[in-house]
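Novice: Any chance you can model this:
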Amino acid sequence: MENTNYNVEEIEEVRDVCVGNCHDDCIKILVVVLKICPNPTINSQPETTPSPPIAILIFSRPTASFRGLRLPDPVKSGLPIMRWGRKAARTGARKDRLIELPNEILSNIISRLTIRDAVRTSILSRSWRSVWTYHVHILCDSVGILGDGVCSETDSKWCFDGESDAQRRRYFVETVDHLMHQLHRDVKLDSLAVHFHLGKEFSSHITRWILFAFIKGAESLDFDFSEWHSSSSSRGEGALSVDKFEHYTFPCSLIISSPLRKCMIKHLRLGYCNFGSIRHRCSLASLITVELRHVTIGDQQMDAFLLSCSCLEKLSLHACNYLVHLRFPDSKSYLKFLCVKNCFRLESIQLRAENLATFVYTGEFVAFSFRNITRLVETYLSFTGKKRREGVSFALTRFAYHVPHLKALNLLSVLALHEIKFPDKVLEFSSVKELSLTVFPFLDEDEFGWATYVLKAFPLLRNLQLNLFTPSYIKKTAPIQRQLPECHQRSITELEINGFYGHPHETELLKYLLENLSQLRTLLINPRQKIRKVFSSWDSVEVPCNSNKLLEPATEDWLHNLVPPTVHLIIS
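Specialist: Numbering: from 1, shown residues only. From the prediction side, this is the model:
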C-alpha cells in the first residue's frame with residue numbers, strides 16, 4: 001500500500017477512533033497513538049520561546065507508521081509544533097472520552113507508562129497537555145532522560161554520540177531538575193528512582209531530589225549510581241573507573257521521622273554510594289525494606305542504622321565491603337528476610353531476630369551465631385573462596401543445631417562433595433521437607449558418600465532436588481567399585497535430577513536412590529543443567545550453555561526400563 005500524507009484533522013480522527021474504546025485498553029491505545037504522533041512540546045509558552053531541553057529530548061522519533069499510513073514530520077512540513085496542538089484543539093467538537101475517566105484511573109494509566117511516553121501523551125489534545133504531570137512512578141535513567149538506545153540517526157544531537165561522560169551527566173541532571181519542576185504540585189508521588197552514573201559533584205542536586213520525594217510523600221526511593229546505568233560507560237567510551245570516582249553520600253537525616261514531620265518512605269534501595277552517619281536515637285521507623293548494593297557502610301554505621309529501623313522487615317546487603325562484623329542487637333525486631341551476598345571483608349554474623357523467616361547467604365564462610373531464630377524456615381547457602389569446604393560441611397552438619405525449625409534448605413556447593421569428610425554421627429535436620437542440592441562439579445570418581453549422608457540426615461524430607469554439573473570430559477579411569485550401604489528413606493516422594501545425561505556415575509547414583517527411596521512417587525529427569533533460584537516458588541533457572549541439551553534415545557529407553565511402574569517418570 002502506498003503511503004499517503006495526512007493533515008492534522010485526519011490524524012485527529014484517528015485519535016478519536018482510538019479513544020472510543022473501553023478504558024481497560026487505554027494503555028494499549030495510548031501506546032498506539034504515541035507511536036503515530038510527531039514531536040510535541042509540553043509547555044504553553046509562545047512559539048518564539050525555546051522549549052526546555054526535556055521537550056525536545058523526550059520525543060526522539062518524529063515520524064512513524066500506523067496501519068500502513070505515513071504521518072508527516074511537522075518540522076519538515078513547515079507546521080510549527082505549537083500550532084499542531086492548537087489546530088487539533090480547534091477541531092475539538094468531538095468528545096474526548098479518555099479525559100473523562102476518573103482521576104484515579106487516568107493517573108493509573110499514565111503511571112504505567114515510562115516517563116518518556118507519559119510526556120508524549122501531551123500531544124493528544126489540549127486537555128491532555130498536563131496529564132503527564134500526575135505521573136506517580138518516576139524513573140529517571142539514560143533511556144528515559146537522554147534517549148539512549150532509542151535515538152534515530154537524525155537525533156544524534158540528543159544522543160550525545162562523541163560527547164564526554166561529564167557533559168552527559170550535566171545534561172542528565174539539568175533535565176531531571178526540570179522534570180521535577182514540571183510535575184504537578186498537588187500530586188502525591190509513589191516512587192522516585194534515579195539510575196545514572198552520578199557522584200559527589202552533583203550532591204546538591206541529588207539531595208534536592210531526595211527532599212522532593214520526601215515532601216511529595218513518596219513511599220519508595222531507589223538511587224543507583226552504578227556506571228553501568230550510563231549508556232556511554234557501558235560501551236566503554238571513556239568510562240570513569242569506579243575506584244577513582246567520588247561517590248555521593250546519602251544523607252540519612254533527610255528521611256528521619258520526628259513529631260513535627262513524618263517520613264513516608266517505606267522502601268529504600270541504594271547503589272554505589274556512601275552511607276551517611278546516623279545521629280543517636282533518631283528514628284527511621286518508616287522503613288520496611290532496605291537494599292544496599294556496593295554501599296560504603298561500616299560496622300558502627302550499620303549498628304546505628306539497625307537500631308533506628310524499628311519496623312524493618314527485609315534487609316539485603318550486596319557487596320558492602322566495609323562490613324566486618326554484622327550484628328542484630330534487637331531480638332524483638334520485625335526482620336523477616338535477610339540477604340547477605342559477597343561482602344568480602346565480612347568475618348562474622350550474629351543473628352538475633354525472632355521473626356526471621358528467610359536467610360540468604362553467599363560468600364566466604366564466616367563465623368555464624370544464631371540466637372532466638374525459632375521462626376527461620378528457609379535458608380539459601382552458597383560458599384565461595386578458600387573456606388568453601390568448611391562452609392559446605394557446616395551447612396550439612398552443625399547448621400542443624402542452629403535451625404531446628406528449618407523447612408527448606410537450598411545449598412550450592414562449588415566443590416566436589418566427595419572431598420567432604422562427614423562425621424560418623426549423623427546430625428539430623430528433623431524438620432526439613434525440601435532440599436535443593438547443587439553439586440558443582442559432579443565427578444566420575446565420586447563415591448556417593450554424601451548421598452548416603454543426606455538420606456540419613458534428613459529423615460522427614462519429601463522433595464529432593466539434585467542439580468548435577470558433570471564436566472564435559474570424563475576421566476578414562478577404571479570403573480570404581482562402590483560399596484554403598486543400604487539406607488532406606490521412607491519420606492521422599494518426589495525426586496528431581498537436573499544435569500542428568502546418562503554417564504555411568506550418574507546412572508549408578510540414580511540406581512542407588514531408586515533402591516532406597518521406597519515411597520518415591522514422582523521422578524523428574526532433565527539433561528539441562530539448572531540452578532535453583534532463591535525461594536521463588538522453588539523455581540529453577542537453566543544454565544544458558546546447556547539449554548538445548550537432550551537425552552539420547554537409548555538413555556530414555558534405559559530409564560523407562562529401570563524406573564518401577566509405581567513411580568511416575570517425567571523426562572523434560
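
Novice: Report all helices and strands that the longest helix belonging to the chain contacts.
Specialist: If each helix of the chain is counted by residues according to DSSP state H, the longest one is helix 165-182. Helices and strands in packing contact with helix 165-182 are listed as helix 53-57, strand 137-141, helix 203-215, helix 231-234; criterion 3 or more Cβ pairs under 8 Å, 6 or more residues apart in numbering; DSSP states H and E. All C-beta spots, glycine's among them, are computed from the backbone N, C-alpha and C.

Novice: Mean pLDDT lowest where, among these?
Specialist: Ranked by mean pLDDT, these end with helix 53-57 at the bottom, a mean of 30.

Novice: Quick check: neighbours of the helix or strand hosting residue 467 in the sheet, parallel or antiparallel?
Specialist: With the criterion set as DSSP states H and E, the secondary-structure element containing residue 467 is strand 463-468. Listed by DSSP bridges, the sheet partners of strand 463-468 and their directions read strand 434-439 (parallel), strand 494-498 (parallel).

Novice: Identify whichever of those lies nearest to residue 512.
Specialist: Distances from residue 512 to each of the strands paired with strand 463-468 were compared by Cβ to Cβ, and the smallest falls on strand 494-498, at 11.7 Å.

Novice: all helices of the stretch 451-572 of the chain, in order?
Specialist: 504-516, 553-562 (DSSP state H, counting those that start in this stretch).

Novice: Ramachandran angles for the nearest residue to residue 310 once chain neighbours are set aside?
Specialist: Take residue 310 and drop its neighbours on the chain: the residue closest to it by Cβ to Cβ, 6 or more residues apart in numbering is residue 285, 5.1 Å away. Recorded main-chain torsions at residue 285 are phi -70, psi -20, according to degrees, to the nearest 10.

Novice: what ranges do the strands span in the stretch 201-350 of the chain?
Specialist: With DSSP state E, counting those that start in this stretch, the ranges of strands along the stretch 201-350 of the chain come out as 220-224, 249-250, 267-275, 289-296, 314-318, 325-327, 337-341, 348-352.

Novice: what residues does the last one touch?
Specialist: Right, the one you point to is strand 348-352. 324-331, 338, 340, 359, 361, 366-373 (Cβ atoms under 8 Å, 6 or more residues apart in numbering).

Novice: one more time with 10 Å, if that's ok
Specialist: Residues outside strand 348-352 that contact it (Cβ atoms under 10 Å, 6 or more residues apart in numbering): 323-333, 335, 338, 340, 343, 359, 361, 363, 366-373, 376, 402.

Novice: what about the stretch 401-550 of the chain, any weak spots by pLDDT?
Specialist: Counting by pLDDT under 70, the stretch 401-550 of the chain contains low-confidence residues at 473-479, 536-538, 545-548.

Novice: for the stretch 1-150 of the chain, which spans come out with low pLDDT?
Specialist: Filtered on pLDDT under 70, the stretch 1-150 of the chain yields the residue ranges 1-96, 98-99, 148-150.

Novice: Buried residues in the helix or strand that contains residue 110, which are they?
Specialist: Take DSSP H and E as the rule and residue 110 turns out to sit in helix 103-111. Using 16 or more other Cβ atoms under 10 Å as the burial criterion, the residues of helix 103-111 that qualify are 106, 107, 108, 109, 110, 111.

Novice: for those residues, which one is nearest residue 123?
Specialist: The closest of those to residue 123 turns out to be residue 110 (Cβ to Cβ; 14.0 Å).

Novice: and that closest one, what does it touch?
Specialist: 26-27, 30, 117-119, 121, 128, 131-137.

Novice: any idea which of the residues you listed is the one closest to residue 261?
Specialist: residue 136 (20.9 Å).

Novice: Thought residue 107 was touching the closest one, still the case?
Specialist: Yes - between residue 136 and residue 107 a contact is recorded at 6.2 Å, counting by Cβ atoms under 10 Å.

Novice: Overlap in contacts, the two.
Specialist: Between them, residue 136 and residue 107 have 184, 187, 188, 190 as joint contacts when contacts are counted by Cβ under 10 Å, 6+ apart.

Novice: Minimum distance to residue 178: which of the strands of the stretch 201-350 of the chain has it?
Specialist: For the strands of the stretch 201-350 of the chain, the distance to residue 178 is smallest for strand 220-224, at 18.7 Å, taking Cβ to Cβ.

Novice: any idea of the mean pLDDT for that closest one?
Specialist: 97.

Novice: helices and strands around it, which ones?
Specialist: Where contact means 3 or more Cβ pairs under 10 Å, 6 or more residues apart in numbering; DSSP states H and E, strand 220-224 is packed against strand 137-141, strand 191-195, helix 203-215, strand 267-275, strand 289-296.

Novice: my guess is residue 253 meets residue 276, correct?
Specialist: Yes - here residue 253 lies in contact with residue 276, judged by Cβ under 10 Å, at a distance of 7.0 Å.

Novice: more crowded one of these two?
Specialist: Neighbours around residue 253 and residue 276, counted as other Cβ atoms under 10 Å, are more numerous at residue 276. The numbers are 15 against 11.

Novice: For that one, give its distance to residue 251.
Specialist: 5 Å (Cβ to Cβ, to the nearest Å).

Novice: One more: residue 501?
Specialist: Residue 501 sits 55 Å away from residue 251, taking Cβ to Cβ as the criterion.

Novice: Out of these two, name the residue with the larger neighbour count.
Specialist: residue 501 (19 against 16).

Novice: ok, the residue nearest to the more buried one when sequence neighbours are not counted - how many residues close by?
Specialist: Computed as Cβ to Cβ, 6+ apart, the closest residue to residue 501 that is not its neighbour in sequence is residue 527, at 5.0 Å. A count of neighbours around residue 527, defined by other Cβ under 10 Å, yields 21.

Novice: Provide a list of residues in contact with residue 527.
Specialist: With Cβ under 10 Å, 6+ apart as the criterion, the residues that contact residue 527 are 497-502, 506, 546, 548-552, 555-556, 571-572.

Novice: how many neighbours does residue 280 have?
Specialist: Residue 280 sits with 7 neighbouring residues when counted by other Cβ under 10 Å.

Novice: ugh, wrong one, residue 201
Specialist: Using other Cβ under 10 Å, residue 201 is surrounded by 15 other residues.

Novice: Pretty sure it sits against residue 225.
Specialist: No - between residue 201 and residue 225 there is no contact under Cβ under 10 Å: 11.2 Å.

Novice: who touches both of these two?
Specialist: With Cβ under 10 Å, 6+ apart as the test, residue 201 and residue 225 both reach 245, 248.

Novice: Would you reformat the helices and strands packed on strand 220-224 as CSV and include mean neighbour count?
Specialist: As requested, the helices and strands packed on strand 220-224 are exported to CSV (neighbours: other Cβ atoms under 10 Å):
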stretch, mean neighbour count
strand 137-141, 20
strand 191-195, 21
helix 203-215, 17
strand 267-275, 20
strand 289-296, 19
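
Novice: Now render those as a markdown table, adding distance to residue 517.
Specialist: Shown next, in a markdown table, are those (distance: least, Cβ to Cβ, whole Å):
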| stretch | distance to residue 517 |
| --- | --- |
| strand 137-141 | 49 |
| strand 191-195 | 48 |
| helix 203-215 | 55 |
| strand 267-275 | 44 |
| strand 289-296 | 40 |
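
Novice: Tell me which of those sits nearest to residue 258.
Specialist: When these are compared (using Cβ to Cβ), the closest one is helix 203-215, at 12.1 Å.

Novice: Remind me which helix or strand residue 184 belongs to.
Specialist: Assigning secondary structure by DSSP H and E places residue 184 outside every helix and strand.
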